[in-house]
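**Student:** missing the sequence, but the structure's below:
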């Protein structure tokens, strides 16, 4: 699946990334009109959500991105311009914020990276469980996956610890968890 998404290039990638902005803003906007939204920098051919992040910041949302510290994930504010630091696993992450990370209880929505998804909004991630651990609580924020259509797999039985997404947005459709 990762290899397939790496092959989405040029105009197809640009069109796909532009095509998820409005549905993504709609999914978040239906939940709140301001607040803290967590995203992730695209990695390994993932569909980028940076166009949506720019729009969210222009609308008054605070954007935050994951950083791994001591084997756990936290969310740090990023304004779209501050220097970034190298993170583990080939990632980049915001530098520590003097105000500290945003607690997950204060996130309104999280755009969750994924390798694959199914029609029930189950997600396959990179296998380290950071998002599943961070959002195992039933009082979690809205979890939204953004992916290319080619990342959809037939339904499968998730593991007990897998946290499902609430919404999956692709360039051609929006799926909601049943």
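**Tutor:** Good, I have the coordinates. Nothing here was measured: the structure is a model prediction, and the numbers come from that model.

**Student:** can you list the buried residues in the helix or strand bottoming out on mean pLDDT in the chain?
**Tutor:** Least confident element among the helices and strands of the chain, by mean pLDDT, DSSP states H and E: helix 2-6 (a mean of 75). Neighbour-count burial for helix 2-6, counted by 16 or more other C-beta atoms under 10 Å, picks out residue 5. Backbone N, C-alpha and C define where each C-beta goes, glycine included.

**Student:** contacts for that helix?
**Tutor:** Contact with helix 2-6 is made by 44, 45, 46, 47, 115, 147, 148, 150, 151, as judged by C-beta atoms under 8 Å, 6 or more residues apart in numbering.

**Student:** ok now that helix, how far from the chain's centre?
**Tutor:** Mean-position distance between helix 2-6 and its chain equals 17 Å (C-alpha atoms, centre = their mean, to the nearest Å).

**Student:** now do stretch 120-135
**Tutor:** With C-alpha atoms, centre = their mean, you get 11 Å for stretch 120-135.

**Student:** pairing partners for the longest strand seen in the chain, with directions?
**Tutor:** Longest strand in the chain, counting residues (DSSP state E): strand 62-69. Looking at strand 62-69 with DSSP bridges, its partner strands are strand 36-38 (parallel), strand 72-77 (antiparallel).

**Student:** tell me the helix or strand right after the first one.
**Tutor:** Pointing back at strand 36-38 there. Per DSSP states H and E, strand 36-38 leads on to helix 50-58 as the next helix or strand towards the C-terminus.
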